[in-house]
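Engineer: build me a structure from this.
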Amino acid sequence: MSTERRDTIAGGFSETATDYDGAVRFNLEGAQRLVLSIPPGRYDDVLDVGCGSGWATQAVIDRFHPARVTGVDPSEGMLEQFQAKLGDVEGVDVSLVQAGVEDMPVPADAFDLVICSMAYHWFQHRWDAAAAMARAMKPGGVIAVLCSGKGGEQSYRDVIADVEPINYQWLGAFDGNLRDIGEMEGYLTAAGLEPLDIWMERRVRHTTVEAYMERMRVVAGHIIGDPADPDVAGWLSRVEQEMKKRSGPRGWAYDFMKLYAVARKPG
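Structural biologist: Numbering: from 1, shown residues only. As a prediction, the model looks like this:
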């Protein structure tokens, strides 16, 4: 990933870090399901790539009680939230590193378990990201990935495609970010890993327009733009108005697709 793009994404997440957990509670539940899918075993050394505020690590601690956890994220604000939440967990040695996945300064062949929960879709070079995570794994180690899946958010995409001026960057981000099962299998196998299970979860959710837009602000503010900018604020207002027109008795409905993958490093 280019340094400029990585810093832009990291800066966006730093700005919204304190609001993150409240706006994306479904991601927390997805991380819990991801961790439940990891094969039983002993995982003393855990690497959380794109660790965010720490909810995936929390799920790992709850199930496996690792001795050591290393969290890697380019966002300073997210690492601060992680430290506040999990920095003093009894019996777990927590280390945090501010870095991107491709250049994370972690040792090779060092981790029993690598997790990457709701971060992989932001990686610009996904083949390189998978290879970097594979290098960090011990032979016989396990990796578990959760990311946004192809086919999600279509109702929102339909709205922003009709509201002018069209935000082509935001529309294009969906096409670039959302992945399918075969693509994920390709990333993992090219990195020398053996997929154990890859699957997709589709949910239709109902919420308020305001809650949905808050979620988008928190996870994609770096793409949507600054709401304090009058042009951006005007566009967001028109988007909300159109969403309300298309909402039903239960509010705004949207598809959300989550892609899960679990693989092992031979050895």
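
Engineer: so where's the stretch 101-250 of the chain shaky on pLDDT?
Structural biologist: For the stretch 101-250 of the chain, applying pLDDT under 70 flags no range at all.

Engineer: ranges for the strands of it?
Structural biologist: Across the stretch 101-250 of the chain, reading from the start of the chain, the strands by DSSP state E, counting those that start in this stretch fall at 111-117, 137-148, 194-207.

Engineer: got TSV for those, with mean neighbour count too?
Structural biologist: For every residue, glycine as well, the C-beta is placed using N, CA and C. TSV is the format used below for the strands of the stretch 101-250 of the chain (neighbours: other CB atoms under 10 Å):
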stretch	mean neighbour count
strand 111-117	26
strand 137-148	22
strand 194-207	14
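
Engineer: now these as TSV including distance to residue 176?
Structural biologist: Output for the strands of the stretch 101-250 of the chain, formatted as TSV (distance: least, CB to CB, whole Å):
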stretch	distance to residue 176
strand 111-117	17
strand 137-148	11
strand 194-207	18
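
Engineer: what's the closest of the ones you listed to residue 85?
Structural biologist: Between residue 85 and the strands of the stretch 101-250 of the chain, the shortest gap by CB to CB is with strand 111-117, which sits at 14.5 Å.

Engineer: of the strands of the stretch 101-250 of the chain, which is nearest residue 50?
Structural biologist: Between residue 50 and the strands of the stretch 101-250 of the chain, the tightest spacing by CB to CB is seen for strand 111-117, at 5.6 Å.

Engineer: what's the end-to-end length of stretch 248-257?
Structural biologist: With CA to CA, to the nearest Å applied, stretch 248-257 spans 21 Å between its terminal residues.

Engineer: buried stuff in it?
Structural biologist: Of the residues in stretch 248-257, those scored as buried under the neighbour-count criterion (16 or more other CB atoms under 10 Å) are 251-252, 254, 256-257.

Engineer: hmm, who's touching it?
Structural biologist: Outside stretch 248-257, the residues within contact range by CB atoms under 8 Å, 6 or more residues apart in numbering are 26, 148-156, 178, 200-209, 212, 243-244, 246-247.

Engineer: state the number of residues packed around residue 84.
Structural biologist: Under the neighbour criterion other CB atoms under 10 Å, residue 84 is assigned a count of 12.

Engineer: show me what the helix or strand encompassing it is packed against.
Structural biologist: Taking DSSP states H and E as the definition, residue 84 sits inside helix 76-86. For helix 76-86, the packing partners by 3 or more CB pairs under 8 Å, 6 or more residues apart in numbering; DSSP states H and E come out as helix 3-15, helix 20-23, helix 55-64, strand 68-73, strand 93-98.

Engineer: could you tell me the angle between the last one and helix 55-64?
Structural biologist: Think strand 93-98. The directions of strand 93-98 and helix 55-64 differ by 160 degrees, with axes from the mean of the first three to the mean of the last three CA atoms, to 10 degrees as the criterion.

Engineer: mind listing what strand 93-98 pairs with, with the direction of each?
Structural biologist: When pairs are called by DSSP bridges, strand 93-98 turns out to pair with strand 68-73 (parallel).

Engineer: ok, the residue nearest the centre of the chain - contacts?
Structural biologist: Within the chain, the residue whose C-alpha comes closest to the C-alpha centroid is residue 118; the distance, by CA atoms, centre = their mean, is 1.6 Å. With contacts defined as CB under 8 Å, 6+ apart, residue 118 is in contact with 24, 27, 30-31, 50, 52, 56, 146-148.

Engineer: much appreciated, bye for now.
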